[in-house]
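Chemist: after the sequence you'll find the predicted model.
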Amino acid sequence: MKYFFLLGTNQTLSIAELSAIFPREIKNAELLLNEILIIDIDDINSSDLIKKIGGTIKIGIIKNEINFGDIVPESIKLIDDIKKEGKFKYGISYYGNKKFNTLKTGLEIKKHLKKQGISCRFVTSKEKTLSSVVVEQNNLITRGAEIVLIENENKILIGQTMAVQPFKELSFRDYGRPARDDQSGMIPPKLAQIMINLSNLTPQSPLLIRRGEGNASERGEVLLDPFCGSGTILTEAMMMDYNNIIGSDLSKKAIEDSQKNINWIIKKFELQNINHQIFNISATELYKEIKPNSIDAIITEPYLGPQRGKHDIKKTIKELETLYSQAIKEFKKALKDNGRVVMIWPVFRNKKYFDQITPNTKGFKIINLLPNNFQNNNLTLSKRNTIIYGRSDQKVWREILVLKKQ
């Protein structure tokens, strides 16, 4: 069965995440319009899956490949196959470069439904596609339908959206948690999810078990964030069904904040069988609490340097390289063989160029985050096979890299 995945703002990062989740199926996946990935996979629970991946905005099923002239009858056929209760709402999103009148198609569908005596409402937007917010607020997934039309050369892929990114839940877990530290900066929950998926760990839930036999609980897989801050990576991992979690931080306040947020997430979402430990230690002294060769994956966003005001960039880079090099040395001791580090390094943006750091990664190999069949697409990797991204108004960008223990 073919599914479409509407990718997030950074398509490279979104594809990297999906390739980690679907390592076999991604080999034959197709990227359309540089924003939609078509993957032929076994039946999946889209509504559950989208809650555990941070780089996908919509997931849907491809129903057919048709000619442009067949859009109206095929759309009506798709609508007719959907069970209708009460007032039926529907919308249309067109992804393509050719001109297409969604309003005309929508009114043709409305005319057809009225002839059948069905009360309906055509949901429209100022844009040619409906946002996840519009789809969610109009209940198009649960009480209606969003028809998705995807241009593919001279053909159209017609599909139906099955799930959209849970923006309300993500916002609640970000801004609703009891402990926040805006001064030191916090990793967004969506990015935390992506990084966790890049680790190649397997969750306790069978939903994403595609990378090994058994589940994480049975194999005792352990996730560590040694710069845990307010605990975003830890709590997102718990929400994604990982249950062996360790966090540490040099800051006592960070440890207190992490524990508050962990207690809150467990209670709020009624999570069970969560094994977690929090240590107040430096990432350069993990040996004090972490046994050698006991960690399956380290996922972390360390201190990225000053975020505001003027500072000496060269001095900051030197200090961070020293800190990261010492921490990575400790990571190697703590990780099991072939264990992974998913880590963020800062990139300092100036008007004309970027300043990057180069810590010592001895004992590790940087993993290329894109599968071979996507190496020649318009996707951007840095010279060291990492992904760099940020907003134009940000002074400090993020570089995401995956290190594999050698």
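Modeler: Arrived safely, thanks for sending. Numbers count the residues shown, from 1 in each chain.

Chemist: tell me the SS of Leu379?
Modeler: Here Leu379 is recorded as coil under DSSP: H, G, I helix; E, B strand; the rest coil.

Chemist: Ser46 against Gly60, yeah?
Modeler: Yes. In this structure Ser46 lies within contact range of Gly60 using C-beta atoms under 8 Å: 7.4 Å. Yep, even glycine has a C-beta here, placed from its N, CA and C like the rest.

Chemist: so for the two, which sits in the more crowded spot?
Modeler: Of the pair Ser46 and Gly60, Gly60 is the one with more neighbours under other C-beta atoms under 10 Å, namely 24 against 20.

Chemist: what is in contact with Ser46 and Gly60 at once?
Modeler: Taking C-beta atoms under 8 Å, 6 or more residues apart in numbering as the contact rule, Ser46 and Gly60 both touch Tyr3, Met162, Ala163.

Chemist: PyMOL command for the buried members of the residues you listed?
Modeler: Those of the shared contacts of Ser46 and Gly60 that count as buried under 16 or more other C-beta atoms under 10 Å are selected in PyMOL with:
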select buried, resi 3+162+163
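
Chemist: can you add secondary structure and give the shared contacts of Ser46 and Gly60 back as TSV?
Modeler: As requested, the shared contacts of Ser46 and Gly60 are exported to TSV (three-state DSSP):
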residue	secondary structure
Tyr3	strand
Met162	strand
Ala163	strand
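
Chemist: can I get the shared contacts of Ser46 and Gly60 in a markdown table with distance to Lys89 and pLDDT?
Modeler: Converted to a markdown table, the shared contacts of Ser46 and Gly60 look like this (distance: C-beta to C-beta, whole Å; pLDDT from 0 to 100):
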| residue | distance to Lys89 | pLDDT |
| --- | --- | --- |
| Tyr3 | 23 | 98 |
| Met162 | 16 | 98 |
| Ala163 | 17 | 98 |
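
Chemist: quick check: end-to-end length of stretch 168-187?
Modeler: Counting by C-alpha to C-alpha, to the nearest Å, you get 17 Å between the two ends of stretch 168-187.

Chemist: off-centre distance for it?
Modeler: 17 Å (C-alpha atoms, centre = their mean, to the nearest Å).

Chemist: could I get the buried residue list for that stretch?
Modeler: By 16+ other C-beta under 10 Å, the buried positions in stretch 168-187 come out as Leu170, Arg173, Asp174, Arg177, Ala179, Met186, Ile187.

Chemist: likewise for stretch 80-91?
Modeler: Lys84, Phe88, Lys89, Tyr90, Gly91.

Chemist: which one of the residues you listed is nearest Ile357?
Modeler: Distance to Ile357, by C-beta to C-beta, is smallest for Gly91 among these, at 45.6 Å.

Chemist: give me every residue that touches the closest one.
Modeler: Applying C-beta under 8 Å, 6+ apart, we find Gly91 in contact with 106, 122-125, 130, 134-135, 138, 140, 144-147.

Chemist: mind redoing it with 7 Å?
Modeler: Going by C-beta atoms under 7 Å, 6 or more residues apart in numbering, Gly91 touches Val123, Thr124, Leu130, Asn138, Leu140, Glu146.

Chemist: so the fifth one sits in a strand?
Modeler: Right, the one you point to is Leu140. No. According to three-state DSSP, Leu140 belongs to no strand; its state is coil.
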